[in-house]
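[1] Dropping a prediction and its sequence here:
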Protein chains: 2
Amino acid sequence: MSEKALHYLKEHRDSHLESLKAFLSIPSISSDSAYKDQVHEAAEWTARALEEAGIEHVQVMKTKNHPVVYGDWLHAENAPTLLIYGHYDVQPVDPIELWETPPFEPTIRDNKVYARGASDDKGQVFMQIKVIEAIMKTEKQLPVNVKFIYEGEEEIGSPSLDPFVEAHKELLKADILLVSDTTMIEEGQPSICHGLRGLTGLQIDLKGPKSDLHSGLYGGAVQNPLHALSDLLASMHDKDGHITIEGFYDKVQALTDEEIETYEKLSNDAELKRYLGVEQLFGEAGFSSKAQLWGRPTLEVNGLWGGYQGEGVKTVIPSEAHAKITCRLVPAQDPKEIAELVQKHVEKHLLPGVTAEITLFDQAKPFVTPYDHPAIQAAGASLEKVYGKKTIYTRMGGSVPVVETFNTLLGLPAVLMGFGLETENFHAPNEHFHLENFDKGLQTLVDYFFRITEALK
Amino acid sequence: MSEKALHYLKEHRDSHLESLKAFLSIPSISSDSAYKDQVHEAAEWTARALEEAGIEHVQVMKTKNHPVVYGDWLHAENAPTLLIYGHYDVQPVDPIELWETPPFEPTIRDNKVYARGASDDKGQVFMQIKVIEAIMKTEKQLPVNVKFIYEGEEEIGSPSLDPFVEAHKELLKADILLVSDTTMIEEGQPSICHGLRGLTGLQIDLKGPKSDLHSGLYGGAVQNPLHALSDLLASMHDKDGHITIEGFYDKVQALTDEEIETYEKLSNDAELKRYLGVEQLFGEAGFSSKAQLWGRPTLEVNGLWGGYQGEGVKTVIPSEAHAKITCRLVPAQDPKEIAELVQKHVEKHLLPGVTAEITLFDQAKPFVTPYDHPAIQAAGASLEKVYGKKTIYTRMGGSVPVVETFNTLLGLPAVLMGFGLETENFHAPNEHFHLENFDKGLQTLVDYFFRITEALK
C-alpha cells in the first residue's frame, strides 16, 4: 500500500473531478457515425491521460472502425503483469428529453456525477488511470507491471476486439486481466464477480409435408411439424427442471459447499418474484435461485414459430416449424460438445414423419477464476479493507464478451472489479456514478496494485 | 324414373349446352365489388331458368350483399320435400394469363366445358334446374316437392346465409338437403359423401414474467413460457397419435365394420405420401389413413409462436407464448364440450410459473347422415344405375359450412351428390367440367328425384 498515493488522490480530488467532467463531456457515441470524430477525440484524451500518468508506449491504434488505446509500464521486476481493460465509448442518449441535465454536460448532485458514461465506463477507466498516476507521482514506480487496452466499440459489441487481440497476442501477454466495467452486487456491499456462464446457440428447423396443408382434409393422417417440435422441446427437460439431454451434465463442475452456502444466502426469492412479476419461480430442483443462475447450466428456447399467427382461425397444418435454443454453460462444459449432444438428442427423439435440420450459432466457453485464486482473493481483501465489509464472491449468469475474448485468446484469468451500481441508469437517461464508490474505488485500486504483487509472488 | 325426361334431355342437349354457356358467360365474381351488377345478373338468370323449368314462387331475395334466389314446387302429395342448394357466384380468375381460353368465354374441348364456374358451381346448378325442367315438361309434374336456394356468396364464405336461413326457417322447411357442389372420389367412380367433421377452435396464450428477460441473467430460475407451451402441447397426444385430453373420445361414435373395411380399401398410403411429400405418414394407431381423415377426431396445432424469430441468436426468455388449435370432430362430439375439455386439460397440465388464457373461436358440429339412411342409399342406387359401378360412401375431413348451416339451423340430413372432379381446377385457371359427368349427372338426378320419393315413403 501507498499512503502517499492515497494522500495524492485526496489532495487532487477536485481537479480530478474537473478532469473527469472534461472526459465525460466528449460525446463518444460509438454507434452513431456522426460522432466518429468525438469517439476519436475520447481515444486521444485517454491516451494523453495515460501519458500524464507516466505510462509508456502509449499508442492510439487503428482498427477497422474506432481505435484501441494501448500503453504499458513494465519495470516492476519479479512482479506479475496486469492487463487492464476498459472502454471510452458510450451509449446513445435518446430519449434525450428525459435527461434532467444534458448528458454531455456533467453535473454533480447528491454526491453523484450525472453524465452519459459516468458509470459505464469512462468513470471507471478514469479511476484506473488516476490510481496509476497517483502511485507513479508519489512512489516513482509501480509495484506491478501494467498494460492498458481501452477500446472504443464496447457499446456496439466490440467487433474489432477479437481481431485486434488475435493480431497482438504477444503485446497483450499478461498474468491477470483486470476489468472495471461491471457493478457491485448492492450499494455498500463489496463483491467480486469471478465466473461467467458460456453459451452455445442453435436453431432447429423441422420439415414435414412439402407444403402447408388444410387441416380438415389432411389432419389426422400426417405428422404436424408443430406437434413434433413441441414434443421434441418438451423432451429436453423433466418436470423438476433438469435437462434431459444425455450427457449434458457430465462435465459440469459441482459447486463447492462454500459457493452453495453463499448463493443460498444471496438468493432473495421474494424480491426476484416481484421483479420478474411471477407468482412462482421455477428452476432446477435442489438448487437455490442464485445457484441456478450463476452455477448451473440451462437450455432455453428463445424463439419458437410455425403456422398461423394472425387473428382468429386458419385451419392449416404448416409445412415447417422452427425453434431457437441457447444453452448457458458452466465450467467445464464445452460449447461444441454440448451442441453435439443436443443434436444427438434431436435425432434420437424426433417423432416420425418430419425431418430436422440444425444450424449452429454463437459459442462461448464458460469461464471461472476459482474464488480462491490469489488474484481474486487479493481483490476481495482490498475491497474488504476499504469498504469494511466482507466481500461476496459472485458469478454472472450472462456473459461479458470481452472477458471471453481475453480468456479464449490469451487464456487470462479475470478479475471483474466493478464499482458501478445496477441502479445507475447505464444505457438509460440520467446515467450517474456514486462518488462514494469513486472515492472508495480509488483506494481499493491503490491497495490492489500492491496486494496483487504480493499475492502472486 | 321417367324415360320421357331422359329423352327430353338428350334431345335438348345442344341447346342446353348453349344455355349453360350463356350462364357461364356472366362474370359473377362475388368477392370483387366491381362485379356486383354481374352477380345480380347471374341471380336473375338463375331465377328465369327456374321459372322456365316450371318452378313457382321464384324470387330474387335481398341480403346485405348478393341476393338469394328462391323457388319451389310443392304439389307432390305424400312425397318428401327436397331443399336443393347451390351457388351462382364464382371465384376470381387471376392469374388471367394462365387461362388457355378466356374464363368467361366458355369453350368445349375434349368433351369438357372450360369456363370459370363450369364445375364450381354453375354447371351443377344448371343440371339441377334442367332435370326439373325435363320432368316438368314431359310428366307435367314432379314426383317430389322441391325448394331451391341458390346463393351468391359461397365463394366469400356465405356471410348472409346464416341470417337468411335463420329468418326463413318456415319457408325452407324440408326433409332432405341436396347439395351438388362437391366432387366424386375419382373419375368414373360414383361416390356419395355423407359425413363431415366438425370443428372447435381456440387459442392458448401463456404469460410468464412481466417482460422479456435476458436468458443469461435470468435463465434457470424462471419458467420459460415457450417451455411451458411445448410441454402443454406435447401432453395432448401420446406417441401413438391418440389424443390424451381426458374425455375427448367419450362421445365418439365408433365406425361400423363396413365403414372400417371401405375406408381401409380406399386408403392409398403410397399415393398419399407422394402427394404430401413425406417419407412416412403418421396418425392415430389402429386406423387406416382414410378412417383417420374421415371418421376420427383430431387436435391440430395450427400456429405456434413466441420469442425471437429473426436471424441468428437473441438470448431472450419471452414474456409470452401462443398457440392456435383446432379440433376436427366426429359424431357425436360437441364442439363446446370439447373446447371445455381442452380448457380443463390446460388448467391441469400447465407447468408452474406461467398463467394461461384461452380464447374460443369457430365451432361447427360434426355431421353425418348414416350411410344406410334411405336418402343416401337412394342416391347411391341412382349413381350405381347410371355409372354401372358400385357407389362408394365417403366422408370428408373438412367441413362444408353451408351444410353445417342447414344442419344446425334446420336439422336437415344432407345428401352431397357432387359431379365435379378434384382435377377440374376449380379456384384455379382453366376450370372445366367433364361433359360425361354432365350427361350422367342429369340421368342420375332424374332417377334420384323419383327414387327418393319411393325411399322415403
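    Sure thing, it's come through. All figures in this text were calculated on a predicted structure; none of them were measured in a lab. Numbers count the residues shown, from 1 in each chain, chains lettered A, B, ... in the order given.
[2] Can you give the distance from the lengthiest helix in chain A to the centre of its chain?
    Across chain A, the helix with the greatest residue count (assigned by DSSP state H) is helix A:435-455. Here helix A:435-455 is found 21 Å from its chain centre; the criterion is C-alpha atoms, centre = their mean, to the nearest Å.
[3] again, but for stretch A:198-208
    Taking C-alpha atoms, centre = their mean, one finds stretch A:198-208 lying 24 Å from the centre of the chain it belongs to.
[4] quick check, that stretch touching chain B?
    Yes: using C-beta under 8 Å from any C-beta of the partner chain, we find that stretch A:198-208 touches chain B at A:199, A:201, A:208. In short, each C-beta sits where N, CA and C put it, glycine included.
[5] Strands of the stretch 301-450 of chain A, start to end?
    Ranges of strands in the stretch 301-450 of chain A, per DSSP state E, counting those that start in this stretch, are A:316-317, A:320-329, A:355-364, A:367-368, A:392-396, A:414-416, A:432-434.
[6] What is the longest helix of chain A packed up against?
    helix A:3-11, strand A:112-114, helix A:122-139, helix A:374-387 (3 or more C-beta pairs under 8 Å, 6 or more residues apart in numbering or on different chains; DSSP states H and E).
[7] what does the stretch 51-200 of chain A put close to chain B?
    Counting by C-beta under 8 Å from any C-beta, the residues of the stretch 51-200 of chain A close to chain B are A:197, A:199.
[8] OK, now which residue of the stretch 51-200 of chain A is nearest to chain B?
    Among all residues of the stretch 51-200 of chain A, residue A:197 sits closest to chain B, at 6.4 Å; criterion: C-beta to the nearest C-beta.
[9] count of residues packed around the closest residue to that residue other than its chain neighbours?
    Using C-beta to C-beta, 6 or more residues apart in numbering or on different chains and skipping residues adjacent in sequence, the residue nearest residue A:197 is residue A:328, 4.1 Å away. By the other C-beta atoms under 10 Å in any protein chain shown criterion, the neighbourhood of residue A:328 contains 28 residues.
[10] Return the longest helix of chain A as CSV; C-alpha atoms alone will do.
    Presented in CSV, the C-alpha positions along helix A:435-455 are these (Å, rounded to 0.1, in the frame of the first residue of the first chain):
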residue,chain,number,x,y,z
LEU,A,435,-18.8,9.5,-5.9
GLU,A,436,-18.7,7.4,-2.7
ASN,A,437,-17.7,4.5,-5.0
PHE,A,438,-15.4,6.7,-6.9
ASP,A,439,-13.5,7.6,-3.8
LYS,A,440,-13.6,4.1,-2.3
GLY,A,441,-12.8,2.6,-5.6
LEU,A,442,-9.6,4.7,-5.9
GLN,A,443,-8.5,3.5,-2.5
THR,A,444,-9.3,-0.1,-3.4
LEU,A,445,-7.3,0.0,-6.6
VAL,A,446,-4.3,1.5,-4.9
ASP,A,447,-4.4,-1.3,-2.3
TYR,A,448,-5.0,-3.9,-5.0
PHE,A,449,-2.0,-2.9,-7.2
PHE,A,450,0.3,-3.6,-4.2
ARG,A,451,-1.6,-6.6,-2.8
ILE,A,452,-1.7,-8.4,-6.2
THR,A,453,2.0,-8.3,-6.4
GLU,A,454,2.4,-10.0,-3.0
ALA,A,455,-0.4,-12.4,-3.7
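[11] What distance do you get for the residue nearest in space to the middle of chain A to residue A:121?
    Taking C-alpha atoms, centre = their mean, the centroid of chain A lies closest to residue A:400, which sits 2.5 Å from it. When C-beta to C-beta, to the nearest Å is applied, the distance between residue A:400 and residue A:121 equals 12 Å.
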